[in-house]
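Trainee: After the sequence you'll find the predicted model.
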Amino acid sequence: MSDEPEIPTTSDSSDASGLLDGGFSSLGLDPRLLTALSSLGYEEPTPIQVQAIPPLLAGRDVLAQAATGTGKTAAFALPMLNRLILEGGDRKAVFGLVLVPTRELAMQVAEAVHRYGRGTGVRVLAVYGGSSMGLQLRELARGVDIVVATPGRALDHVKRGTLKLSGVKLVILDEADEMLDMGFAEDLEAILDATPEGHPMALFSATFPSRIAGLAGRRLTSPVELRLGANREAGAKEDAGGRVKQTAYVVPRAHKLAALSRILDLEDPTSAIVFCRTRTEVDEISEKLNARGRRAEALHGGFTQDQRDRVMKRFRAGAADLLIATDVAARGLDVEQISHVFNYDVPSEAEAYVHRIGRTARAGRAGTAITLFEPREQWLLANVERLTKKKIERATVPTVADLKARRLELTRASLRETILGGGLETFRVAVDSLADEFDILDVAAAGVKLAHEAAGSPGEEEEIPSVQVPQDRPRFVPRSETGGMTRPVRRTPRLPGAVSLFIGAGRDAGVRPADLFGAITNEAKLPSKAIGAIEIADRFSLVEVPGESADAVIEALRRTTLRGRKVLVRRERPAPPRR
Ligand code: AMP
């Protein structure tokens, strides 16, 4: 054990200004790599990086449990690049070999190595089946430092003598369990036989079936074993999401920003933190959200204490309602009234998720945590659920049709209010004069269109392709699927599974549809798309909500005030009072 390298732990200081790159530079990496990491906006190493980089730099074998999303690629790519810098590549020989199960992963890992090694002149090549052999042959002949390959194609090249592994100094098996599952066991063994004795090797695998143990036992020498088990204590310290309503939206990577923007529209948070993985992401997202008319402030470890203070002052004072931050920057922040926490990515460790969502639901308030995830990150969410022992509801991002339906419903409800409010005589003249020429319904529709547009339409909405939700969808059927929104107001709920709530305040008390929308989304934390028709009478209002949320909405509305008054709230009785 004495030769085991000292494994630094990540700093947990709340002083973000003191943390600039501290995490990575303490791992002993070359300054060029640190520069690359900083330009990528990485602020601190992930746990797998903290634990795997030092032993790999020291030439130890590593057996690590890590899957996609943990930062495992950098955990092996950085030490590989660092050793290449120190030991110098040989034009004729491959220095590092990374074996991966699929062509997509080969391309992805090769790109990552290239990014991390920018500025070092590293030559990386992805070698996989199904692509031109000729190109790979030419590149290999020209000389490559790091080869990222699928086993089948790698073995082809080894047999042809076009991939020479005699000089290999470091071998990585990435997603080893997948490689075995795909039937690459023999190819792997043959490739490893072609590498020289005594080079260090690391095996990364999400799971550890006995075949992995067998492979590790045969091929690794006294490996440093890294099992990133959940740290139960961290979760136990926090409420672990007790008062926080948690929803995760499955979104394809390319549409994340549009999805975030749309969910922000629907949730309309009063004060929210959006957590991102990197500084670059923080800068990009805050810029784009501001361009879309939001009031967002960026906060990451690249800020001086002064800048940080200024940002926090604006956020606390409500001059900005969104804070886009990295985990490092948000550490130690204590803002009481955060209604929503957004995770732009699923954090690579479940504990980080718990810490993040602990920023909301302070001081006995309720809170909402919304996570965007790609289908392949499903397992990271499952880790979180295991740690918190709470289920995170999976949902799909509302479609353009959902949005349009919601906006139109608001317009409809406001028009109804205007009609009932009277004082339309002057406007009737305009309608009257058009009535000779046009159908009266068209005249009215044109008026609705103008009102709708004046209410602020965000312009053409991009359609976000729906991805299959890996678990059950919420049971409530949004109005867009029922097509019921233009029907006249009825006292029976229009939507399957919805119930009508009676609220003992109406027009006379100054209640407007937007007040009810606001109260229900903010206090009961019901997503606005789940709210059905709203009808406002002189002395009461009716609002449709999903049956399963009715009790929670009633309770929340009873706790709060509407237009400054406590109001009676109950399920609507079969024979409701009529105006
Ligand atoms: P991986 O598990 O290697 O597929 O990495 C998952 C994602 O995390 C990739 O998008 C990486 O770019 C990103 N990533 C890896 N390490 C870090 C880090 N230390 N800080 C921020 N992002 C990271």
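Mentor: Arrived safely, thanks for sending.
Trainee: Give the bridge partners for the closest residue in space to Arg227 that isn't next to it in sequence, please.
Mentor: Ranked by CB to CB, 6 or more residues apart in numbering and with sequence neighbours excluded, the top spatial neighbour of Arg227 is Gln65, at 4.7 Å. C-betas here are computed from N, CA, C, even on glycine. Listed beta-bridge partners, Gln65: Ser205, Arg227 (assigned using DSSP bridges).
Trainee: Could the C-alpha coordinates of stretch 188-203 be exported in CSV?
Mentor: C-alpha atoms of stretch 188-203 as CSV (Å, rounded to 0.1, in the frame of the first residue of the first chain):
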residue,chain,number,x,y,z
LEU,A,188,-9.9,-8.3,-26.6
GLU,A,189,-7.6,-11.1,-25.4
ALA,A,190,-5.9,-11.3,-28.8
ILE,A,191,-5.3,-7.6,-28.9
LEU,A,192,-4.0,-7.6,-25.3
ASP,A,193,-1.7,-10.4,-26.2
ALA,A,194,-0.2,-8.2,-28.9
THR,A,195,0.7,-5.5,-26.4
PRO,A,196,4.0,-5.6,-24.6
GLU,A,197,4.2,-7.1,-21.0
GLY,A,198,4.3,-4.7,-18.1
HIS,A,199,2.5,-1.6,-19.4
PRO,A,200,-0.2,-0.2,-17.1
MET,A,201,-3.7,-0.9,-17.9
ALA,A,202,-7.1,0.4,-16.7
LEU,A,203,-10.5,-1.2,-17.0
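Trainee: Was I right to think the residue nearest to Arg227 contacts Leu226?
Mentor: Yes: the pair Gln65 / Leu226 is scored as a contact, 6.5 Å apart, by CB atoms under 8 Å.
Trainee: got the contact list for the residue nearest to Arg227?
Mentor: With contact taken as CB atoms under 8 Å, 6 or more residues apart in numbering, Gln65 is in contact with Phe204, Ser205, Ala206, Thr207, Phe208, Leu226, Arg227, Leu228.
Trainee: need those residues in a markdown table with pLDDT, neighbour count and distance to the ligand, can you?
Mentor: Formatted as a markdown table, the contacts of Gln65 follow (pLDDT from 0 to 100; neighbours: other CB atoms under 10 Å; distance: CB to the nearest ligand atom, whole Å):
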| residue | pLDDT | neighbour count | distance to the ligand |
| --- | --- | --- | --- |
| Phe204 | 95 | 26 | 9 |
| Ser205 | 92 | 24 | 13 |
| Ala206 | 83 | 17 | 10 |
| Thr207 | 81 | 12 | 15 |
| Phe208 | 83 | 16 | 18 |
| Leu226 | 92 | 21 | 14 |
| Arg227 | 80 | 10 | 16 |
| Leu228 | 67 | 20 | 12 |
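Trainee: So which residues of the stretch 401-550 of the chain form helices?
Mentor: 425-435, 440-454, 479-482, 513-523, 550-559 (DSSP state H, counting those that start in this stretch).
Trainee: tell me the average confidence for the longest one?
Mentor: Spelled out, it's helix 440-454. Mean pLDDT, helix 440-454: 87.
Trainee: What residues sit buried inside it?
Mentor: Val443, Gly447, His452 (16 or more other CB atoms under 10 Å).
Trainee: That one - contacts with which helices or strands?
Mentor: helix 400-421, helix 425-435 (3 or more CB pairs under 8 Å, 6 or more residues apart in numbering; DSSP states H and E).
Trainee: Most tightly packed of these?
Mentor: Neighbour counts (mean count of other CB atoms under 10 Å) averaged over each of those peak at helix 400-421, with a mean of 16.
Trainee: now the angle from that one to helix 513-523?
Mentor: 130 degrees (axes from the mean of the first three to the mean of the last three CA atoms, to 10 degrees).
Trainee: How far off centre is helix 400-421?
Mentor: On the basis of CA atoms, centre = their mean, to the nearest Å, helix 400-421 sits 31 Å off its chain's mean C-alpha point.
Trainee: What of stretch 437-456?
Mentor: 40 Å.
Trainee: Pull that stretch out as CSV, backbone CA atoms only.
Mentor: Taking Å, rounded to 0.1, in the frame of the first residue of the first chain, the C-alpha atoms of stretch 437-456 are listed here in CSV:
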residue,chain,number,x,y,z
GLU,A,437,-68.4,43.4,-45.2
PHE,A,438,-67.4,40.3,-43.2
ASP,A,439,-68.8,37.5,-41.3
ILE,A,440,-69.2,38.5,-37.7
LEU,A,441,-67.3,35.4,-36.5
ASP,A,442,-64.3,36.4,-38.7
VAL,A,443,-64.4,39.9,-37.2
ALA,A,444,-64.4,38.4,-33.7
ALA,A,445,-61.6,36.0,-34.6
ALA,A,446,-59.5,38.9,-35.9
GLY,A,447,-60.0,40.7,-32.6
VAL,A,448,-59.0,37.5,-30.7
LYS,A,449,-55.9,37.3,-32.9
LEU,A,450,-54.9,40.8,-32.2
ALA,A,451,-55.4,40.4,-28.5
HIS,A,452,-53.5,37.1,-28.5
GLU,A,453,-50.6,38.7,-30.3
ALA,A,454,-50.6,41.8,-28.1
ALA,A,455,-50.4,39.5,-25.1
GLY,A,456,-46.9,38.7,-26.3
